[in-house]
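1. quick one, what's the 3D model for this:
(one chain, ligands or ions: 1)
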Amino acid sequence: MNKLIFVSGGVCSSLGKGVAASSLGALLESRGFNVRMVKCDPYINVDAGTMSPYQHGEVYVTDDGAETDLDLGNYARFTSSPLSKANSITTGQVYNTVIRKEREGHYLGRCVQVIPHITDEIKARIMAVAKENADTDITIVEIGGTVGDIESIPFLEAARQLIHEYGRNNALSVHLTLIPEVGDGELKTKPSQHSVKSMQGLGIQPDVLICRAPVMLDDVTRRKIGLFTNMENDAVFTSSNMDTTIYEIPLMFYEQKLDQVILKKLGLEARPANIEPWQEVVQQAVSRKEKVRVGIVGKYIELHDSYKSVYEALFHAGLECGVEVELVKIDSARVEENQNAEAILGKDGAAVDGILVPGGFGHRGINGMVLAAKWARDNKVPYFGICLGMHIMLIDWGKHVLGWEDADSTEFNQNTKKAVVSLLEEQVGLKNYGGTMRLGRYVSVAVPGTKFFAAYGTENVSERHRHRYEFSNQYRDEMTSSGLIIGATYPKDDLVESVEWPDHPWGVGVQFHPEFKSKPTAASPLFRDFIAVARDLKR
Ligand code: GLN
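-> Sure, this is the predicted structure:
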């Protein structure tokens, strides 16, 4: 079938374009279509790997080790589109390829230009995904940025050309805008009209408009928008704010028949929809009764997007455990300065029921995380360490159980005498940031009898990595003979993938990032068990 849907946005950023595109993907999948998701990012970085989480939010990692935009995480949570390097297209990659081809003489002396060379490369990359599997029915291409940005013009031009080449019943444009409210709840449609005009100026008449609005738009407003934007009345939709969960958005679109209208425009029959899994997710969300407070002790806590997948995975775990997970974001630097973890985390402080130390890079706030881990270990509070959070467990164990004052990771102290965490040997000397990590999917082998094994219920566990440093094997004997438990290994390279505290309700650290594979319909097993134990201890 190979139909294309381009999702663009206007008026302003952060309207939830990624979630809208994903929700549309979910709905089309619910009707039995095979959907592929693609993100076009107008930035010049080749990938998101070198970007600061403060500026750009989390780096999402795929099985094949692509370091991508966090929108791919949305795609993974809402749809079953396979995601790999190919599904994330950046200006950096496109120019990289075109410039390389130019140097290799590929263009036979012609002048190399944005149109057609850059746009051709964009089109080729989009169509490579659309045509990769013969059974792909619909490819949804989200174009990052906002219409009017200089950077996104080549991507919109590529979309225009593809819509032109394939015809409107094979390729269409979905545009997301904002309807702001001013004064006494008056809804303003003008910015949306202008946004559609900008699209028209680029040669694209949107086929479907999704308006982010504080309330559902009434028919009069929809007709008015339709009239001013050349849009059929039934093609103007509302995306209103969700009270309980973003996973209700597919249902909101379903009720408005967004998918049916799109399928009709694409000349596809609307097969019966199975939206039960989404109804169940929402049902689970509204019927949560208890609360569990999880302290996220990290360094990027100011920006919610920095730990996006971690927060989502906690939410998924809460759904399965029947609890609302309250996120208590704690800047580890605060614990470090204060030096009193009990005051910050304990009953008179944040009163958390569990501690999660997420992934991270660099020295700042590390001691605060170590103190938080020690506090959780001493007070038998459930603790979940992800990547850096596992390194923190090792440093705590070295310092406070084995009495090695100097215990550290060489990431934070090159000269430590007790480097319980150190660089992968083969990587010593690599200076190039980006692409020098242990990245993507590896299969860990679980040790029977551990909490790790209990969570997954199986021996071979496939999860994604993104790190340079590892548990130092030279200290493995001393660590384990003093009680630390190894929950999983990667036998091929003799690496430790998971550690656990003995005599503790649930203290588990993993070297990988289980949050990337968690879904609202299937929580990550480790997140689920972490929350279940925190809930049970609270009861
Ligand atoms: N900074 C650590 C490393 O590179 C941990 C990385 C992470 O938490 N993703 O190994």
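
2. residues of the stretch 301-450 of the chain that sit close to the ligand?
-> G359, G360, F361, C387, L388, E411 (CB under 6 Å from any ligand atom). Using the backbone N, CA and C atoms, a C-beta is placed for each residue, glycine as well.

3. A strand includes V420, no?
-> Yes. Counting by DSSP: H, G, I helix; E, B strand; the rest coil, V420 is located in a strand.

4. check contacts around the residue sitting nearest the centre point of the chain.
-> Nearest to the mean C-alpha position of the chain, by CA atoms, centre = their mean, lies G73 at 3.0 Å. Going by CB atoms under 8 Å, 6 or more residues apart in numbering, G73 touches E58, Y60, K308, S309, E312, F516.

5. ok, now with 10 Å
-> When contacts are counted by CB atoms under 10 Å, 6 or more residues apart in numbering, G73 is found next to 18, 22, 57-62, 83, 305, 308-309, 312-313, 515-516, 518.

6. save the residues of the stretch 301-450 of the chain next to the ligand as TSV, and put in neighbour count and distance to R466 too.
-> Formatted as TSV, these follow (neighbours: other CB atoms under 10 Å; distance: CB to CB, whole Å):
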residue	neighbour count	distance to R466
G359	25	7
G360	22	11
F361	16	10
C387	23	7
L388	24	10
E411	19	14
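
7. just the ones in helices from the residues you listed, please.
-> Within those, residues falling in helices by DSSP state H are L388.

8. out of the residues of the stretch 301-450 of the chain next to the ligand, flag the one nearest to E151.
-> F361 (26.5 Å; CB to CB).

9. how much space between that closest one and Y490?
-> Counting by CB to CB, to the nearest Å, the gap from F361 to Y490 is 21 Å.

10. isn't G368 right up against I355?
-> No. Contact criterion CB atoms under 10 Å: G368 and I355 do not qualify, at 11.5 Å.

11. give me the common contacts of the two.
-> V297, I330, A341.

12. I'd like the list of the residues you listed that fall within strands, please.
-> When DSSP state E is applied, the shared contacts of G368 and I355 are split such that V297, I330 fall in strands.

13. got the shared contacts of G368 and I355 as CSV, with neighbour count columns?
-> Below are those laid out as CSV (neighbours: other CB atoms under 10 Å):
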residue, neighbour count
V297, 35
I330, 25
A341, 24
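
14. all helices of the stretch 101-250 of the chain, in order?
-> Along the stretch 101-250 of the chain, counting by DSSP state H, counting those that start in this stretch, helices occupy 119-132, 153-166, 190-201, 219-229, 249-255.

15. list the buried residues for the last one?
-> When you say that, I think you mean helix 249-255. I249, P250, L251, M252, F253, Y254 (16 or more other CB atoms under 10 Å).

16. from those residues, which is closest to V381?
-> Using CB to CB, those come closest to V381 at I249, 34.4 Å.

17. surely P250 touches N274?
-> No. Counting by CB under 10 Å, P250 stays clear of N274, with 11.5 Å between them.

18. name the residues contacting each of those two.
-> E29, S30.

19. against the ligand, how distant is S152?
-> Distance of S152 to the ligand, given as CB to the nearest ligand atom, to the nearest Å: 30 Å.

20. give the contact list for the residue nearest to that residue when sequence neighbours are not counted.
-> Closest residue in space to S152, ignoring its immediate chain neighbours: G145 at 3.9 Å, by CB to CB, 6 or more residues apart in numbering. Residues in contact with G145 (CB under 10 Å, 6+ apart) are 8-10, 13, 17, 40-43, 151-153, 155-156.

21. pull out the buried members of these.
-> S8, G9, G10, K17, C40, D41, P42, Y43, S152, I153, F155, L156.

22. restricted to strands, list these.
-> S8, G9, C40, D41.

23. out of the residues you listed, who's nearest G398?
-> Nearest member of those to G398, counting by CB to CB, is D41, at 40.4 Å.

24. show me what that closest one bridges to in the sheet.
-> Under DSSP bridges, the beta-bridge partners of D41 are T90.

25. from A317, how far off is it?
-> For D41 relative to A317 (CB to CB), the value is 29 Å.

26. tell me, how many residues neighbour G185?
-> Neighbourhood size, G185 [other CB atoms under 10 Å]: 8.
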